[in-house]
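Asks: Build me a model:
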Amino acid sequence: MGILVAAAHGPVRFTELERAVNGISRRMLTLNLRRLERDGLLVRTVYPTVPPKVEYSLTPMAWELHTSLTGLVGWAERHRSAVAEARAAYDTAAKQGPDAD
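Replies: I've put the predicted structure just below:
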């Protein structure tokens, strides 16, 4: 998801994606980019320069997915505190045991 969100600002270069996606190694980023390209979600464009310039951009199918992801992220942000409260209540009840009712 992070790669698709970052690539939505694209076209983007590998190093830009590397900076934008926190906590991902170069190897994992490379593998994920290849998988997304294989799945038809990213287009990889190589320019014949020295050193080679490579850019990634979203396909129309990925733009559609990005729209859904944006809605999901918005939902998560709106309900973050409610989820935290539900987790805290659940954890408190779990610590008290099943006989606490």
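Asks: and whichever strand or helix holds Trp75, which residues are buried?
Replies: For Trp75, the enclosing helix or strand under DSSP states H and E is helix 60-78. Neighbour-count burial for helix 60-78 flags Ala62, His66, Leu69 (criterion: 16 or more other Cβ atoms under 10 Å). No exception for glycine: its C-beta is placed from N, CA and C like everyone else's.
Asks: before we move on, what about stretch 48-61?
Replies: Judged by neighbour count using 16+ other Cβ under 10 Å, the buried positions of stretch 48-61 are Val54, Glu55, Tyr56, Ser57, Leu58, Thr59.
Asks: quick one: pLDDT of the closest residue to the second one other than its chain neighbours?
Replies: In space, and not counting its chain neighbours, Glu55 is closest to Pro11: 4.0 Å by Cβ to Cβ, 6 or more residues apart in numbering. For Pro11, the pLDDT comes out at 93.
Asks: For Pro11, list the residues it contacts.
Replies: Each residue near Pro11 by Cβ atoms under 8 Å, 6 or more residues apart in numbering is listed here: Thr45, Glu55, Tyr56, Ser57.
Asks: Pretty sure Leu29 sits against Ala20.
Replies: No - the pair Leu29 / Ala20 is not scored as a contact, 10.1 Å apart, by Cβ atoms under 8 Å.
Asks: Fine by me, we can end here.
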